[in-house]
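> Take a look and give me a structure for this.
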Amino acid sequence: MEILNYKDVEIRRHEQIVLDHIDLSVQSGEMVYLLGRVGSGKSTFLKSLYAEVPLHSGRGTFVGYDLNNIRSRDIPMLRRKIGIVFQDFQLLPDRTVEDNLLFVLRATGWKDKQVMRSHVQDTLAQVGMGDKAYKMPYQLSGGEQQRVVIARALLNSPEVILADEPTGNLDFDTGKEIMELLYGIRQAGMTIIMSTHNRSWPELFTGRKLLFDSGRVSENVAQ
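Numbers count the residues shown, from 1 in each chain. This is a model prediction of the structure:
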């Protein structure tokens, strides 16, 4: 099933062209790496998928939504189909791990407190953090915080995970553990679209590679 389709898409920020002539199709279950230097448009591309940055021209659909004509009131529904993993974690510093995840569930319409707590515990266990629900973010290592972020992304059973440099703030060994976790999620059927500077990851964890360079997106990146 096609989850993303861009046809001759142009994306601008502050009237400057960031990416042009994007032709891209992604199928459900794919692992897609976005490769390129800082400032090459990878993060802007990801933001276009969840309608933070509009498409300037061309045609785009993502998780069943027409990105050219999406209404403001439909953007929250689009985003509920997406799990987002940030480089800088963005956990609420004054709440426990459990409360960080409960906050997301409340914000997305969950009501039953017992069901919510059970779901949070199950999701934390899925990422190897089942025994850390009571911890505050500052009590966790960088790798542990990123596992919590991945759990947060999985809470509402998204169709796709967008990961923006998820290992950028981690050392190689910790980053590899996070990649193993993400790749396992992908092998279970999840679509993952991930930006990274680390060219080791596509070699260790096989996936499709897209190169962002000079405002263009190209496939079949050279080894």
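
> what sits against M194?
31-34, 161-164, 166, 182, 201 (Cβ atoms under 8 Å, 6 or more residues apart in numbering). In this view, the C-beta of every residue, glycine as well, is placed from N, C-alpha and C.

> In a helix, it, correct?
No. Per DSSP: H, G, I helix; E, B strand; the rest coil, M194 lies outside any helix segment and is strand.

> per-residue pLDDT, it?
Note on M194: pLDDT of 96.

> Tell me what it is bridged to.
In this entry, M194 is beta-bridged to Y33, A163, by DSSP bridges.

> which parts of the longest helix along the chain are buried?
When the chain is parsed with DSSP state H, its longest helix is helix 172-187. Under the neighbour-count criterion of 16 or more other Cβ atoms under 10 Å, helix 172-187 has 174-179, 181-183, 185-186 buried.

> what's the spacing between the residue nearest the centre of the chain and E30?
Centre of the chain computed as the mean C-alpha position; nearest residue by Cα atoms, centre = their mean is L162, 1.7 Å away. According to Cβ to Cβ, to the nearest Å, L162 and E30 sit 13 Å apart.

> Give the residue farthest from the middle of this structure.
Taking Cα atoms, centre = their mean, the residue of the chain most remote from its mean C-alpha position is Q114, at 27.8 Å.

> Going by secondary structure, the residue nearest to G128 when sequence neighbours are not counted is in what exactly?
Distance criterion Cβ to Cβ, 6 or more residues apart in numbering; nearest residue to G128, sequence neighbours excluded, is R147 at 6.0 Å. Assigned by DSSP states H and E, R147 belongs to helix 142-154.

> Let me know the angle separating that helix from helix 172-187.
With axes from the mean of the first three to the mean of the last three Cα atoms, to 10 degrees defining the directions, helix 142-154 sits at 20 degrees from helix 172-187.

> what does stretch 14-23 contact?
With contact meaning Cβ under 8 Å, 6+ apart, stretch 14-23 is reached by 6-12, 41, 44-45, 56, 58, 212, 215-217.

> Give me the buried entries from the residues you listed.
Counted by 16+ other Cβ under 10 Å, those give 6, 9-12, 41, 44-45, 56, 58, 212, 215, 217 as buried.

> would JSON lines of those with pLDDT, distance to L170 and secondary structure be doable?
Rendered in JSON lines, the data for the buried ones among the contacts of stretch 14-23 read as follows (pLDDT from 0 to 100; distance: Cβ to Cβ, whole Å; DSSP: H, G, I helix; E, B strand; the rest coil):
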{"residue": "Y6", "pLDDT": "97", "distance to L170": "30", "secondary structure": "strand"}
{"residue": "V9", "pLDDT": "97", "distance to L170": "31", "secondary structure": "strand"}
{"residue": "E10", "pLDDT": "96", "distance to L170": "34", "secondary structure": "strand"}
{"residue": "I11", "pLDDT": "96", "distance to L170": "28", "secondary structure": "strand"}
{"residue": "R12", "pLDDT": "94", "distance to L170": "32", "secondary structure": "strand"}
{"residue": "G41", "pLDDT": "93", "distance to L170": "23", "secondary structure": "coil"}
{"residue": "T44", "pLDDT": "94", "distance to L170": "23", "secondary structure": "helix"}
{"residue": "F45", "pLDDT": "96", "distance to L170": "22", "secondary structure": "helix"}
{"residue": "H56", "pLDDT": "95", "distance to L170": "34", "secondary structure": "strand"}
{"residue": "G58", "pLDDT": "97", "distance to L170": "35", "secondary structure": "strand"}
{"residue": "F212", "pLDDT": "94", "distance to L170": "22", "secondary structure": "strand"}
{"residue": "G215", "pLDDT": "92", "distance to L170": "29", "secondary structure": "coil"}
{"residue": "V217", "pLDDT": "95", "distance to L170": "26", "secondary structure": "strand"}
